[in-house]
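Colleague: Sequence and predicted model, in that order:
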Amino acid sequence: MIKVSLFTALLSALVVTVRGHGYVQDIVSGSTHYTGYLPYQDPYYNPPPQRIVRKIPGNGPVTDLTLIDIQCNGYTDGGAPGSAPAAIYATVAAGSQLKLNWTAWPDSHMGPMITYMARAPSDITKWSPGNAAVWFKVAESGKTSDGKWAATDLLTASNSIYTFTIPPKLKAGQYIVRHEIIALHAAYTYPGAQFYPSCIQIQVTGSGTALPTSFVSFPGAYTPTTPGIVYDAYTNTSAYPIPGPAVWTGGN
Ligand SMILES: *[C@@H]1O[C@H](CO)[C@@H](O)[C@H](O)[C@H]1NC(C)=O
Ligand SMILES: *[C@@H]1O[C@H](CO)[C@@H](O)[C@H](O)[C@H]1NC(C)=O
Ligand SMILES: [Cu+2]
């Protein structure tokens, strides 16, 4: 039974290599590594490994902005549409860096990298936001003035490690980190842009008291007419407008 499962996992891993795309495979806080949710291995174990990342169906994108899938790249599971909670969470100090290790990202999939957070009103291992407006943006990176994209140029230059800082004054508590790459290689029309979100569960520690006052929902934050959702990355030499609200700076 186990042998068959591992064989299946290895076969799937080969398929991954062929299809490209990607997901966050490892999360590093200080010297602690947390393995991400591994869609081509974890489902074959019984019991499945406990992860801090909410489960994803695979390495492919979401393209329909109206689906709950745009939240965590999840799907209806156990009564928690779109983002079935994961079993555990990482503990991270406010003001510290979180490093997200992506699987090898295809060069063709140029686009921005964006990170949101949502404060869990109750036990994060049981909470799913649904359509509620709970998300605030904490980091974004698009196209530099000399034409370098967060993904793939900058991501590849940093060994596939994306780094962002937990706002230093953010109030302690449990949060979902929603991190995504938006691949723009087919974004000259809608649907076209490919969304690769991941939801990571963390417990923020510290003595800060700051909380944002303005929030967006997923689905909701992006529509086909939101700047940056339709964009011809091959021909458009002007600045790229990163979709979504401004980065919250009240926790700095
Ligand atoms: C990213 O994760 C992969 C798979 O676990 C690992 O082989 C690689 O060394 C990690 N990269 C870094 C820079 O830690
Ligand atoms: C380039 O992108 C910007 C921002 O989305 C847009 O306003 C502009 O119309 C685009 N330019 C062309 C030539 O499509
Ligand atoms: Cu792809």
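Modeller: Looks like it came in fine. Residues are numbered from 1 along each chain as shown. Ligands and ions are numbered 1, 2, ... in the order given.
Colleague: Need the per-residue pLDDT for Pro81.
Modeller: Pro81 carries a pLDDT value of 59.
Colleague: can you check the one 3 residues further on too?
Modeller: At Ala84 the predicted local confidence, pLDDT, stands at 88.
Colleague: ok, now the one 4 residues further on?
Modeller: The confidence metric pLDDT takes the value 98 at Ile88.
Colleague: do the one 10 residues further on as well
Modeller: Model confidence at Leu98, expressed as pLDDT, equals 98.
Colleague: For the residue of the stretch 101-250 of the chain found nearest ligand 1, grab phi and psi.
Modeller: Ligand 1 sits closest to Asn101 of the stretch 101-250 of the chain, with a gap of 3.7 Å, by Cβ to the nearest ligand atom. In short, each C-beta sits where N, CA and C put it, glycine included. Main-chain torsions, Asn101, degrees, to the nearest 10: phi -100, psi 110.
Colleague: hey, what's it bridged with?
Modeller: Judged by DSSP bridges, the bridge partners of Asn101 are Asp26, Ile161.
Colleague: Surely it touches Val28?
Modeller: Yes - using Cβ atoms under 8 Å, Asn101 is in contact with Val28, at 6.8 Å.
Colleague: can you list residues touching both of the two?
Modeller: Both Asn101 and Val28 are in contact with Ile161, where contact means Cβ atoms under 8 Å, 6 or more residues apart in numbering.
Colleague: Please report how far the residue of the stretch 101-250 of the chain closest to ligand 1 lies from Ile202.
Modeller: 16 Å (Cβ to Cβ, to the nearest Å).
Colleague: residues touching the residue of the stretch 101-250 of the chain closest to ligand 1, list them.
Modeller: Asn101 touches 24-28, 36, 160-161, counting by Cβ under 8 Å, 6+ apart.
Colleague: 6 Å - rerun?
Modeller: Asn101 makes contact with 25-26, 160-161, according to Cβ atoms under 6 Å, 6 or more residues apart in numbering.
Colleague: how about a markdown table for those, with pLDDT, neighbour count and distance to ligand 1 added?
Modeller: What follows is the contacts of Asn101, written out as a markdown table (pLDDT from 0 to 100; neighbours: other Cβ atoms under 10 Å; distance: Cβ to the nearest ligand atom, whole Å):
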| residue | pLDDT | neighbour count | distance to ligand 1 |
| --- | --- | --- | --- |
| Gln25 | 97 | 19 | 5 |
| Asp26 | 98 | 17 | 4 |
| Ser160 | 97 | 19 | 6 |
| Ile161 | 98 | 13 | 5 |
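Colleague: which of those residues lies closest to Ser128?
Modeller: Gln25 (22.8 Å; Cβ to Cβ).
Colleague: wait, doesn't the closest one sit right on Gly36?
Modeller: Yes - applying Cβ atoms under 6 Å, one finds Gln25 in contact with Gly36, separated by 4.7 Å.
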